[in-house]
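Enquirer: here are the coordinates; sequence isn't available:
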């Protein structure tokens, strides 16, 4: 957060003064600007030190700082919202149809929210010698979600897992 010079910390001899309503008073000596701010029970804040002469505003400094923090927090929140999250779904090769339907429904919700979905299909024991079962499962999932998601790249076999990622379709 930018630091502002307040009241006696302002070093300029003359300032362009703006009152609490946003009306421009004009160029005045710093002593007169401080006196006006003190009469109104507010602070004199240097808002544009790079200007010639510097621009100073009469306002409540603590309220001003609070408003700036609030805006920064809101901007940070919006930045986080725009980031794409990756959601993980873990399956077994021998999954029941009903269980698969529930997992597909979860994947659909994630894709509708704009998140990527990483699916990991686990092979255990003798299942490792039947990789075509995993490929069938991948095809079934991709076909079910074809209206809302698209396969990022072909499935990759890593040890006992078959992994692939679904991306939400562009609207």
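Expert: Right, received. Where do you want to start? No experiment lies behind these values; they were computed from the predicted model shown.
Enquirer: alpha carbons only for contacts and neighbour counts from here, please
Expert: Will do.
Enquirer: Helices of this protein, start to end?
Expert: Listed in chain order, the helices of the chain (DSSP state H) span 30-40, 61-82, 97-112, 131-144.
Enquirer: Compile these into CSV and extend it with columns for distance to residue 10.
Expert: Conversion of these to CSV gives the following (distance: least, Cα to Cα, whole Å):
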stretch, distance to residue 10
helix 30-40, 8
helix 61-82, 14
helix 97-112, 53
helix 131-144, 65
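Enquirer: want to try a markdown table for those helices, with mean neighbour count, distance to residue 46 and mean pLDDT as columns?
Expert: As requested, the helices of the chain are exported to a markdown table (neighbours: other Cα atoms under 10 Å; distance: least, Cα to Cα, whole Å; pLDDT from 0 to 100):
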| stretch | mean neighbour count | distance to residue 46 | mean pLDDT |
| --- | --- | --- | --- |
| helix 30-40 | 16 | 11 | 86 |
| helix 61-82 | 12 | 10 | 83 |
| helix 97-112 | 16 | 47 | 92 |
| helix 131-144 | 16 | 59 | 89 |
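Enquirer: okay, now the domains of the chain?
Expert: The chain is divided into the following domains under automatic domain parsing: 7-77, 84-168.
Enquirer: Can you get me the centre-to-centre distance for the longest one and its chain?
Expert: Put simply, domain 84-168 sits 27 Å off its chain's centre (Cα atoms, centre = their mean, to the nearest Å).
Enquirer: From one end of it to the other, what's the distance?
Expert: Distance across domain 84-168, first residue to last, is 10 Å (Cα to Cα, to the nearest Å).
Enquirer: Going forward, the N-terminal residue is numbered 44.
Expert: Got it, first residue is 44 now, which makes that one domain 127-211.
Enquirer: Distance of residue 94 relative to residue 66?
Expert: Relative to residue 66, residue 94 is positioned 18 Å away (criterion: Cα to Cα).
Enquirer: How far off centre is stretch 107-123?
Expert: On the basis of Cα atoms, centre = their mean, the separation between the geometric centre of stretch 107-123 and that of its chain is 12 Å.
Enquirer: Correction: the previous question concerned stretch 106-125.
Expert: Relative to the mean C-alpha coordinate of its chain, stretch 106-125 is positioned 11 Å out (Cα atoms, centre = their mean).
Enquirer: Also stretch 120-134?
Expert: Using Cα atoms, centre = their mean, the distance from the centre of stretch 120-134 to the centre of the chain it belongs to is 10 Å.
Enquirer: Quick one: residues in contact with it.
Expert: When contacts are defined by Cα atoms under 8 Å, 6 or more residues apart in numbering, stretch 120-134 is touched by residues 146, 150, 153, 157, 158, 159, 160, 161, 162, 163, 164, 165.
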